[in-house]
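Chemist: here you go, sequence then predicted model.
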2 protein chains.
Amino acid sequence: MTFKVKSEQLSFAGKQSVYTHQSSSTHCEMEFSIYLPPQAQHKKCPVLYYLSGLTCTQDNVTTKGGFQKYASEQGLIIVCPDTSPRGTNYAMEHDSYDFGSGAGFYLNATQAPWHETYRMYEYIVNELPDFINSNFATDPDRCGIFGHSMGGHGALTIGLKNPDQYSSISAFAPIVAPSQCPWGKKALSGYLGNSQADWKEYDATELILNGYKSPNKILIDQGTADDFLKEQLKPELFSQACQKNSQRLELRMQPGYDHSYYFMNTFMQDHIKFHALNLDSQ
Amino acid sequence: MTFKVKSEQLSFAGKQSVYTHQSSSTHCEMEFSIYLPPQAQHKKCPVLYYLSGLTCTQDNVTTKGGFQKYASEQGLIIVCPDTSPRGTNYAMEHDSYDFGSGAGFYLNATQAPWHETYRMYEYIVNELPDFINSNFATDPDRCGIFGHSMGGHGALTIGLKNPDQYSSISAFAPIVAPSQCPWGKKALSGYLGNSQADWKEYDATELILNGYKSPNKILIDQGTADDFLKEQLKPELFSQACQKNSQRLELRMQPGYDHSYYFMNTFMQDHIKFHALNLDSQ
């Protein structure tokens, strides 16, 4: 597989790069960023995948997330993929912020025409890690996953379904029960069709209720002043499911914080340290 | 003077806001951001003004600079103004990245038509501090100034000419001798005319050579992989002037770093700590 280096910049003694490559999952050119901490120059490091929210590309968190300092301190590689395929022009693909481009929801679509390219689950779980592990100094046995909002949904569902691959999961303000909120219902029906049975494998709360488990405690931070808290995010549904099926969860309600990168920045250090501890990165 | 709150968000237990207000210096609506650390809720805090580089607004450093964590830890208020007036449409004002809008160079223009509104020196030195000190819990006797590139030029020249107002100065990759580089020559001739004698009061190296002093050591960080280093920035000219006239300077050449916000992020903590120490913020 060939790839192009779009940029490469020194940051906290490590290297922040952006790459593009042709994807066999999404049948288009995909872009991702990768931060290699200074430790990666002389040893294999654990990898932490970060999944972004609605409307974002890799660029938002790479330039505004503020993770580089902590990844440099903890010796973690951070990989940030895009949020959808970018090469197509399906009807209505680019018309709304919560469906189509920028809103791939980290699933494999089954409905036409989306099933052709909207295969972000396949891309994130198989193609991208294969590519990263083949080209960078990673330790493939020590991976974690985290994300924000729709990307928090992605981190929870992908992490829960692949516990051997991602032993450490956290999220900022995640969509935890897409079957029960407007963003989720629109996406799941559009990409998967109207049978709600098919939605369950992409719903973190349903996965927990059906016995999926993460080997470590899951960390979630959620701002109480988040405009999307009550209608879209509903962390209490996930919390109740975890309690019912004995999944360890630390849900921290953060007073006064909203849904923005300012919120995420504030708690980024905690999340990176959480994963470093789980992945034994030191 | 009236102002509008454009946004207000919690960040590292402090408040990151953006304001707009009608300016008597630039005769247009100006926008700035202000970060109030948690300490500002119960005591007056020192203020650190940050001046941005070419093409930027307040938004770039506010969202990508990563200063909020350190300002929160050190109890510093951070104010980030825009880089030029925004209300006019002079011929060629919006045609190039290094002159006109986004490129005010923190001076008072004397040439028509720029002299009508391009009065960023007046705005930064008098109007904005008056406004900030009247509306927020500041200690007006403890102020510092720093900036990046063109904003580093602004911080050095404004700080050196007003040592009682700004006792602490630092810069990331500043333009230190605008009379001797293409960006500076274009701006100074365009805004001030062709008499090089008039340029001296807006040239940090000339100011040092003419006896201007900062009461504290000046801190400058400069990446060695900065594309603008040799042609535009020339820190050695400032260093030689400081040595000649006994201005204390710490110029740190940082191997491999470029001109970007990744570079600035990496050394932001050092600069905030430097100012906190000078301004006795604890």
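Modeler: Structure received.
Chemist: now do the contacts for the residue positioned nearest the centre of chain A.
Modeler: Nearest residue to the geometric centre of chain A (CA atoms, centre = their mean): A:Leu51, 2.4 Å. Shown in contact with A:Leu51 (CB atoms under 8 Å, 6 or more residues apart in numbering or on different chains): A:81, A:83, A:106, A:124, A:145-148, A:150-152, A:154-155, A:158. C-beta here means a position set from N, CA and C on the backbone, and glycine is covered the same way.
Chemist: so which of those residues is surrounded by the most neighbours?
Modeler: A:Gly154 (33 neighbours; other CB atoms under 10 Å in any protein chain shown).
Chemist: and that one, that's in a helix?
Modeler: Yes - counting by DSSP: H, G, I helix; E, B strand; the rest coil, A:Gly154 is located in a helix.
Chemist: residue contacts, it?
Modeler: Counted by CB under 8 Å, 6+ apart, A:Gly154 has contacts A:51, A:105-106, A:120, A:124, A:145, A:147.
Chemist: take these and keep only those in helices.
Modeler: Mapping those onto helices (DSSP state H) picks out A:Met120.
Chemist: among the contacts of A:Gly154, which two are most distant?
Modeler: A:Phe105 and A:Ile145 (15.1 Å; CB to CB).
Chemist: A:Ser96: neighbour count?
Modeler: 13.
Chemist: swap that for A:Pro215, please
Modeler: Applying other CB under 10 Å, I find that A:Pro215 has 12 neighbouring residues.
Chemist: that one: what secondary structure?
Modeler: When classified by three-state DSSP, A:Pro215 comes out as coil.
Chemist: how close does it sit to B:Phe67?
Modeler: 38 Å (CB to CB, to the nearest Å).
Chemist: circling back to that earlier point, and the contacts of A:Leu51, which is closest to chain B?
Modeler: Ranked by distance to chain B (CB to the nearest CB), those are led by A:His148 at 14.9 Å.
Chemist: near chain B, which residues of chain A?
Modeler: A:9-13, A:16, A:63-64, A:66, A:68-69, A:223, A:225, A:256-258, A:260-263, A:265-266 (CB under 8 Å from any CB of the partner chain).
Chemist: check the residues you listed for burial and list the buried ones.
Modeler: Burial by neighbour count, judged by 16 or more other CB atoms under 10 Å in any protein chain shown, picks out A:9-13, A:16, A:63-64, A:66, A:68-69, A:223, A:257-258, A:260-263, A:265-266 from the residues of chain A next to chain B.
Chemist: in strands only, show me the residues you listed.
Modeler: Secondary structure from DSSP state E places A:9-11, A:16, A:223 of those in strands.
Chemist: mind picking the two most distant members of those?
Modeler: Largest pairwise distance in those, by CB to CB, is 32.3 Å, between A:Leu10 and A:Gly223.
Chemist: hang on, the earlier thing: can you lay out the ones in strands among the buried ones among the residues of chain A next to chain B as a markdown table showing distance to A:Gly87 and pLDDT?
Modeler: As requested, these are exported to a markdown table (distance: CB to CB, whole Å; pLDDT from 0 to 100):
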| residue | distance to A:Gly87 | pLDDT |
| --- | --- | --- |
| A:Gln9 | 26 | 98 |
| A:Leu10 | 31 | 98 |
| A:Ser11 | 29 | 98 |
| A:Gln16 | 25 | 98 |
| A:Gly223 | 35 | 98 |
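Chemist: where in chain A is pLDDT low?
Modeler: Across chain A, the ranges flagged by pLDDT under 70 are A:1, A:282.
Chemist: which stretches in it count as strands?
Modeler: Under DSSP E, chain A gives strands at A:3-11, A:14-22, A:29-36, A:45-51, A:77-81, A:138-148, A:168-172, A:218-223, A:249-254.
Chemist: hey, which of those strands is tucked in deepest?
Modeler: strand A:168-172 (a mean of 29; mean count of other CB atoms under 10 Å in any protein chain shown).
Chemist: which neighbouring elements make contact with it?
Modeler: strand A:138-148, helix A:150-161, strand A:218-223, helix A:261-279 (3 or more CB pairs under 8 Å, 6 or more residues apart in numbering or on different chains; DSSP states H and E).
Chemist: who's in contact with that strand?
Modeler: A:48, A:143-149, A:151-153, A:155-156, A:159-160, A:214, A:216, A:218-222, A:263-264, A:267, A:271, A:274-275, A:278-279.
Chemist: with stretch A:275-282 instead?
Modeler: Contacts to stretch A:275-282, defined as CB under 8 Å, 6+ apart, come from residues A:45-46, A:48, A:74-76, A:142-144, A:146, A:167-168, A:170, A:216.
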